[in-house]
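Starting from these lines, generate the structure:
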Amino acid sequence: MQARVTRSRGPGWRPARSLSGRLIAGLVALLALGCATVGLVTYFAIQRALTNELDNQLEAATSVANNCLDHWFNPNGDGDNNNGGGGANTSGQLSGNPLSSMYCEGLGNGTFVAYQQHDDQWGAMVVPSQIALSAADKATLSAISPSPMVGPAPPCLTKDLPSAGGSYELTVAKDPNGTYITGLSLNGVHDLLKDVALAEFGVFGGALVLAGVLGTVWVRLSLRPLRRVAVTASRVAELPLESGEVAMPRGVPDTDPGTETGQLGLAFNRMLGRVETALRRRAASEARLRRFAADASHELRTPLAAIRGYAELGLLHPGDSPETVTHALGRVLSESTRMSVLVDDLLLLARLDAGRPLNTDPVDMTRLAIEATSDAQVARSDHRWVLELPDDPVQVRGDEHRLHQVLANLLSNAGRHTPEGTTVTVAVSDRLPPGEPGDGEDSAQHGDIPAEPRVVLTVTDNGPGIPGGLLPDLFERFTRADTARTHAIDAASTGLGLAIVDAVVAAHDGAVLVTSRPGMTRFTIVLARLAEPGADEGAAAPRPARKVLHRSTPGS
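The predicted structure is shown next:
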């Protein structure tokens, strides 16, 4: 097995992700590259110009210094001692140090002049003062191969002479009297180049900062159309596009086809127009479908009631009817009853989809839980029913009949899809159960949980649980549990019970939560609580719950 090594980037490394950040970074990088190129070219051009000028000055200084030293050591030779060497030796004696008293017209201050005679006698000065060369500097100068005095100008060499005060550009010429060395200091050149480099850093750094600031402003101004598109797209994304009529926001104003952002604005506005048209057609189709379901359900109620009435009348007075006819009438009554329930459920869903308002009366959820659980205990006496209620009534504002239908559907669902002996617990409280709302594969949520204070109604059973693949579509219409959870065949089931639960709770601005795993299935209804008159809000302590156990007894 090969180990994969992941290299994490340091906390300071954060690449620019936005388009504006990348544009600004690219602009500053290109400008920095241009400034660096200009700076280097300027620096080396100035350096070369200064070097050439220094070489020319050194060539002139070398000629003057060599003439002065030559006149001193060869006073009887040809040539005019006063030409280039005022104050030279005129006694004809070669004793003494010429640099101690020599004045050479034409040599500027700071010029380095030195000689080495054949007897290894040294003399050196930095005009106008005489200096003593160190052994290291003498070794450095001795290592230079001298050029002949007669002929082309000697080459220029750069050497560091600490005893002379720094680096020098040197020429070394050989004469019968010894070796003559002339040099000009490079300190001035180095200082000037340093000043040039500092000036370039300052100017180019300021230019980069200014370009970054102005570039940021310019890029942000240029990208305003894109931000308007993003804001409009975010508003569209926040719209409830699932159903109903949707009012799309206005398009972006940037529609100039000559610019990239204008082309994007045009395409975005066309897309918004097509989406709005599609949503309008979808809403119209849904409205027609709801009207059809409502009208069909309403129209079917009358003939179904008539069929049921005639079937019941026939069964009440069978007379001499054959047994097959009596059985057929019983089946007609059973199926017409089942179809009436289905029609009533469809009509209710159609009315809820159409936004029909429900009653908004105070509803006591504790009394509702007791009544619904009592009814369920009578219908499913083979189950164990448990009530957990607070000591005081808990009220919500809503439609009592529909809320009773919600609880009845949940209890019917728990009794129908669990085996005999299953414990079903109905609890009313003001707190969500531990772990709710869940976010795993065994949980689902429909609607937004209301803010506190709220009423939490739970129906929990210890049955086999709901298959995980069924949870996402559990509240869809005509969804039925598979055979793994179904332990009793009930012909009255229409597959609309949980759909009605979801629709009624949504009409009350509540939320439905479900968590199911083997051994525990819990449906949670969360509704906004109706404040009790005269109650001190925020000071209410949790009320202790009491348990009421419902068990079937012989003859019950």
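
got the residue ranges for the helices in the stretch 401-550 of the chain?
Assigned by DSSP state H, counting those that start in this stretch, the stretch 401-550 of the chain shows helices spanning 497-507.

Going along the chain, name the strands of it.
Secondary structure of the stretch 401-550 of the chain by DSSP state E, counting those that start in this stretch: the strands cover 423-429, 443-446, 454-461, 511-517, 520-528, 545-550.

how about the ones you listed in TSV, adding mean pLDDT, mean neighbour count and distance to Glu476?
For the C-beta atoms, the positions are set from N, CA and C on the backbone; glycine is no exception. Output for the strands of the stretch 401-550 of the chain, formatted as TSV (pLDDT from 0 to 100; neighbours: other CB atoms under 10 Å; distance: least, CB to CB, whole Å):
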stretch	mean pLDDT	mean neighbour count	distance to Glu476
strand 423-429	92	21	24
strand 443-446	84	18	11
strand 454-461	92	23	19
strand 511-517	89	22	13
strand 520-528	91	22	16
strand 545-550	50	13	32
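
closest one to Gln395 among these?
strand 454-461 (7.9 Å; CB to CB).

Send me the closest one as CSV with only the CA atoms.
Coordinates of each C-alpha in strand 454-461 appear next as CSV, following Å, rounded to 0.1, in the frame of the first residue of the first chain:
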residue,chain,number,x,y,z
ARG,A,454,-43.6,26.7,20.4
VAL,A,455,-45.5,23.4,20.8
VAL,A,456,-43.9,20.1,20.0
LEU,A,457,-46.1,17.1,19.4
THR,A,458,-44.4,13.8,18.9
VAL,A,459,-45.7,10.3,17.9
THR,A,460,-43.0,7.7,18.6
ASP,A,461,-43.2,3.9,18.1
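
Within the sheet, what are the partner strands of it, with directions?
strand 423-429 (antiparallel), strand 520-528 (antiparallel) (DSSP bridges).

chain center to it, what's the gap?
38 Å (CA atoms, centre = their mean, to the nearest Å).

Tell me the confidence at Ala153?
Predicted confidence (pLDDT) at Ala153: the value is 77.

Tell me the helices and strands packed up against the helix or strand Ala197 falls within.
If you go by DSSP states H and E, Ala197 is part of helix 187-222. With contacts taken as 3 or more CB pairs under 8 Å, 6 or more residues apart in numbering; DSSP states H and E, helix 187-222 sits against helix 19-73, strand 166-175.

What is the helix or strand that comes right after the last one packed up against?
Scanning forward in sequence from strand 166-175 by DSSP H and E, the next helix or strand is strand 178-185. Here strand 178-185 touches helix 19-73, strand 112-116, strand 166-175, going by 3+ CB pairs under 8 Å, 6+ apart.

who does strand 178-185 pair up with?
Going by DSSP bridges, the partners of strand 178-185 are strand 112-116 (antiparallel), strand 166-175 (antiparallel).

mind putting those strands in JSON lines, mean pLDDT, mean neighbour count and distance to Asp439 included?
Formatted as JSON lines, the strands paired with strand 178-185 follow (pLDDT from 0 to 100; neighbours: other CB under 10 Å; distance: least, CB to CB, whole Å):
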{"stretch": "strand 112-116", "mean pLDDT": "87", "mean neighbour count": "24", "distance to Asp439": "84"}
{"stretch": "strand 166-175", "mean pLDDT": "88", "mean neighbour count": "20", "distance to Asp439": "74"}
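
Any chance of the ones you listed in CSV with distance to Gly398 as columns?
Shown next, in CSV, are these (distance: least, CB to CB, whole Å):
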stretch, distance to Gly398
strand 112-116, 106
strand 166-175, 96
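
one step back: Gln263 is nearest to which of the strands of the stretch 401-550 of the chain?
Comparing the strands of the stretch 401-550 of the chain under CB to CB, the one sitting nearest is strand 443-446, at 41.5 Å.

circling back to that earlier point, I'd like to know which of the strands paired with strand 178-185 lies nearest to Leu527.
strand 166-175 (90.3 Å).

If you compare the directions of that closest one and helix 187-222, what angle comes out?
Interaxial angle of strand 166-175 relative to helix 187-222 (axes from the mean of the first three to the mean of the last three CA atoms, to 10 degrees): 140 degrees.

Show me the contact partners of strand 166-175.
54-55, 58-59, 62, 66, 69-70, 73, 112, 141, 144-149, 153-161, 179-187, 190 (CB atoms under 8 Å, 6 or more residues apart in numbering).

Please tell me how far Val505 sits from Leu498.
Remark: distance between Val505 and Leu498 (CB to CB, to the nearest Å) = 10 Å.

for Glu476, what are its contacts?
If you count contacts by CB under 8 Å, 6+ apart, then Glu476 has Ala499 around it.

So what does it look like in phi/psi?
With angles defined as degrees, to the nearest 10, Glu476 sits at phi -80, psi 160.

so how far is stretch 219-230 from its chain's centroid?
With CA atoms, centre = their mean, you get 19 Å for stretch 219-230.

in the stretch 401-550 of the chain, what spans have low per-residue confidence?
Scanning the stretch 401-550 of the chain for pLDDT under 70 picks out the ranges 479-495, 532-550.

Out of the strands of the stretch 401-550 of the chain, which gets nearest to Gly123?
Closest to Gly123 of the strands of the stretch 401-550 of the chain is strand 443-446 (CB to CB; 100.3 Å).

who touches the closest one?
By CB under 8 Å, 6+ apart, the list of residues contacting strand 443-446 reads 436-438, 471-472, 474-475, 502, 505-506, 511-515.

same deal with stretch 197-217?
By CB under 8 Å, 6+ apart, the residues outside stretch 197-217 that reach it are 20, 23-24, 27-28, 31-32, 35-36, 38-39, 42-43.

thinking again about what came up before, relative to Arg280, tell me which of the strands paired with strand 454-461 wins on proximity.
The closest of these to Arg280 is strand 520-528. By CB to CB, the value is 32.8 Å.

relative orientation of that closest one and helix 497-507 in degrees?
Using the same axes, to 10 degrees: strand 520-528 against helix 497-507 is 30 degrees.

Read off the pLDDT value for Ala88.
Reported pLDDT for Ala88: 42.

Also Leu141?
87.

try the one 4 residues further on
The confidence metric pLDDT takes the value 86 at Ser145.

nearest residue to it other than its sequence neighbours?
Here the nearest residue to Ser145 in space, its sequence neighbours aside, is Val172; by CB to CB, 6 or more residues apart in numbering that works out to 7.5 Å.

what's the distance between the one you found and Met149?
11 Å.

Show me the common contact partners of these two, please.
Common neighbours of Val172 and Met149 (CB under 8 Å, 6+ apart) are Tyr180.

pLDDT score for the closest residue to Gly106 other than its chain neighbours?
Nearest residue to Gly106, sequence neighbours excluded (CB to CB, 6+ apart): Val64, at 4.2 Å. With respect to pLDDT, Val64 scores 86.

now do Pro11
44.

swap in Val150?
74.

Check the burial of it by counting its neighbours.
7 (other CB atoms under 10 Å).

List the contacts of it.
Val150 neighbours (CB under 8 Å, 6+ apart): none.

And for the one 5 residues further on?
Contacts for Pro155 were tallied using CB under 8 Å, 6+ apart; they are 147, 171.
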